[in-house]
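Novice: return atomic coordinates for the entry below.
(2 chains)
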Amino acid sequence: MLTVKDLFVKVDSADGGKEILKGINLEVNAGEVHAIMGPNGSGKSTLANVIAGKDGYEVTGGSVTMDGMDLLDMSPEERAREGVFLAFQYPVEIPGVSNATFLKTALNEIRKHKGLEELDAMNFLKFMREKMKVVGIDEKLINRPVNQGFSGGEKKRNEIFQLQMLQPKLAVLDETDSGLDIDALKIVSNGVNLFRNKDNAVVVVTHYQRLLDYIVPDFVHVLVNGRIVKSGGKELALELEEKGYDWVINPETEAAAV
Amino acid sequence: MSTDLSNVEELAISDYKYGFETDIEMDVVPKGLSEETIRIISSKKNEPEWMLEWRLKAYRHWLTIKHEDQPHWANISYPAVDFQDIIYYAAPKKKIELKSLDEVDPELLKTFEKLGISLQEQKRLAGVAVDAVFDSVSVTTTFKEELSKLGIIFCSMSEAIQNHPELVKKYIGSVVPYTDNFYAALNSAVFSDGSFCYIPKGVRCPMELSTYFRINTSGTGQFERTLLIADEGGYVSYLEGCTAPMRDENQLHAAVVELIAMDDATIKYSTVQNWYPGDKEGNGGIYNFVTKRGACRGNNSKITWTQVETGSAITWKYPSCILQGDNSIGEFYSVAVTNNHQQADTGTKMIHLGKNTRSTIVSKGISAGKSNNSYRGLVRVHKNADNARNFTQCDSLLIGDRCGAHTFPYIEVSNESAKVEHEATTSKIGEDQLFYLRQRGIAQEDAINLIVNGYCKDVFRELPMEFAVEAQKLLSISLEGSVG
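Specialist: Sure, this is the predicted structure:
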């Protein structure tokens, strides 16, 4: 479904920019969950942002495609309508715009793009109520302005609620576990697990293995300094947890020390 | 990648949708201002002697105000206006009184249709009585009969002068005297027409009263005069909406609006202003120098000003409340949008004179392009105004990085029991906000629209429903390329 080929990315800045991603290769198929792990500053969020089309990055080489479509050639909204979803690390507040209005607008844009009829208020409400149960989100959060006055946990839960509402093809979760207590983590993970099916795919970007106890990945990739230095199955995450990132960063020193 | 904030600004620049001129035979008084001009205007309107005398007094007063004493404190700049280069009166030629829409010049009806305000439609949509002012003279008035059953007078100012001289004489200039300021004096001397409304004691006006103003005929300064009186226990909600055709040269518009609320009376005055703002380089556009003031004369009276200002090259306007009666309430809700080279200096004055008077000010400024948007407000609590309360919320939103937002709040309190609160914020439409919405499938211009509408929500909900919808549309037209 998602193919990242030899991707080089610089961050935009006046002094020419720093290279963040240095040749990323990633193949995610339908029905799979991939975890991208790595220390702070390794480029995890950059990868997530470039897939979604955020400004401020320059792609200097390589490609990102979804089902053969060149994502890099598409605007963020086109990507979203084709089924790319980014669960934000820091969800943004939109004062005065209710969560419900925001989601109805978004959902109908996506439905229009797919050639489906737009949902009217009644049908939207019905659909939303179903999804609210899945994520255990409170009705009062729905009527509040988007993310305004939400706690950290509520914001993250709201992201997963949106994931459930919009049912994308590819979900990229950027540090969704940060700031969550264990109960919230379980609820959020449950929302993601219920989303998973053979036709969609999930990319989980995380610093800690904790989340992967609940969202069990099929593949784990370790991103260090802009490169994927190691890939493996779910057991790789546990190994990382035990040995730390130094183990993959400097295998030689590790070996020498033994 | 694909976009940056300068693209946002590009989107924010849109063409004026209402640029057209109607070809109707006009009755025009030659350019220039003199006692003779005023006599012609007054006689064309067949006015009584006292009205002419009042106009002439105002004119003589205006002559004593030096041009350099024109209001100059506003945060705006523009070339000096040549008052001898203005046509002070233009009326569509009509001989017969019109009884129904069928008798109205089809050209005129077409104009209204282009504006999206078909009178036929308005007639069918019961609940809105329309007094359509086309240039200077009212052309048609609907629902008048229904209103007159309740004793409500709703007509053009010219008709009021003919038919209800005692009311006009009593109240005109009682809130905004001709000595008030340069433009109030000018307006008093040459005002062409406007609306008049009187709500008798204990009557609640059952429908929203609405007037559409329009400026036509090249170089016509339009000087409307509006007077609304709600007698004891009366209630009225009045809507004023404006659009003007495309113009090259600047047009002066200096209206005066006076509201009077007696004991237990309530007046809601809502405005949507969308006059031609000039082109993208800042050429042309309307100068909108308006004096709007309401007097809460009676106890427990209430006046609410709600305005959505998206048009005009320069807007200079401070709808104010004089809270004279005890327990009276003044409210001001404003959205002012400036784009390209537009300048706006707008706000309100809340003058607390009575006891237990309360005022609320909510001002939302939005600046885009190279525009400048200022809030200027005065809250004055007089020494006898025990327990006065004021709450002011004053927010500015910037789109792009070449526009300006300014706030000039003045607070003068002479009574220790007063409580005055002022909150102010300035924010920018963040790229983060835009990206968040776009990542959910919402196009950039729709995202801006959503953010701006959310920002203005506190004001829009004060507008009557149909007006709120129109206001939202106007905002998208003013700020977006794709819609316009």
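Novice: list the contacts for residue 40?
Specialist: All of this is about chain A. Listed by Cβ atoms under 8 Å, 6 or more residues apart in numbering or on different chains, the contact partners of residue A:40 are residue A:207. Glycine gets a C-beta too; all of them are placed from N, C-alpha and C.
Novice: I was after chain B.
Specialist: By Cβ under 8 Å, 6+ apart, the neighbours of residue B:40 are B:29, B:89.
Novice: that one in helix, strand or coil?
Specialist: Per DSSP: H, G, I helix; E, B strand; the rest coil, the local secondary structure of residue B:40 is helix.
Novice: low-confidence ranges, the stretch 151-258 of chain A, go.
Specialist: Counting by pLDDT under 70, the stretch 151-258 of chain A shows low-confidence ranges at A:251-258.
Novice: let's see 90
Specialist: The model of the stretch 151-258 of chain A has pLDDT under 90 over residues A:151-153, A:177-184, A:187, A:207-210, A:237-258.
Novice: so which residues of it form helices?
Specialist: Taking DSSP state H, counting those that start in this stretch as the test, the helices found in the stretch 151-258 of chain A are A:152-166, A:182-195, A:235-243, A:246-249, A:251-257.
Novice: likewise for chain B?
Specialist: With DSSP state H as the criterion, chain B has helices at B:5-12, B:35-44, B:49-64, B:106-114, B:119-124, B:144-149, B:157-163, B:165-171, B:182-190, B:431-438, B:444-455, B:457-460, B:465-479.
Novice: cool, and the stretch 1-150 of chain A?
Specialist: Here the stretch 1-150 of chain A has its helices, by DSSP H, counting those that start in this stretch, at A:44-52, A:76-82, A:99-113, A:121-135, A:139-143.
Novice: report the buried residues of the fourth one.
Specialist: Right, helix A:121-135. A:124, A:128, A:131-132, A:134-135 (16 or more other Cβ atoms under 10 Å in any protein chain shown).
Novice: could you check the angle that helix makes with helix A:99-113?
Specialist: 110 degrees (axes from the mean of the first three to the mean of the last three Cα atoms, to 10 degrees).
Novice: wait, does helix A:121-135 contact chain B?
Specialist: No: Helix A:121-135 stays clear of chain B (Cβ under 8 Å from any Cβ of the partner chain), getting no nearer than 14.4 Å.
Novice: need the helices of the stretch 1-150 of chain A in JSON lines (columns: mean pLDDT).
Specialist: Shown next, in JSON lines, are the helices of the stretch 1-150 of chain A (pLDDT from 0 to 100):
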{"stretch": "helix A:44-52", "mean pLDDT": "96"}
{"stretch": "helix A:76-82", "mean pLDDT": "97"}
{"stretch": "helix A:99-113", "mean pLDDT": "95"}
{"stretch": "helix A:121-135", "mean pLDDT": "90"}
{"stretch": "helix A:139-143", "mean pLDDT": "87"}
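Novice: nearest to residue B:475, of those helices?
Specialist: Ranking these by proximity to residue B:475 (Cβ to Cβ) places helix A:99-113 first, at 15.4 Å.
Novice: show me what from the stretch 1-150 of chain A comes close to chain B.
Specialist: Counting by Cβ under 8 Å from any Cβ, the stretch 1-150 of chain A sits next to chain B at A:52-59, A:72, A:75-77, A:79-81, A:84-86, A:88, A:91-97, A:101-103, A:105-106, A:109-110, A:113, A:145.
Novice: and what of the stretch 151-258 of chain A?
Specialist: A:162, A:166.
Novice: for residue B:312, list the residues it contacts.
Specialist: So residue B:312 contacts B:253, B:273, B:275-277, B:285-288, B:342, B:344 (Cβ under 8 Å, 6+ apart).
Novice: what's across from residue B:272 in the sheet?
Specialist: Per DSSP bridges, the residues bridged to residue B:272 are residue B:241, residue B:308.
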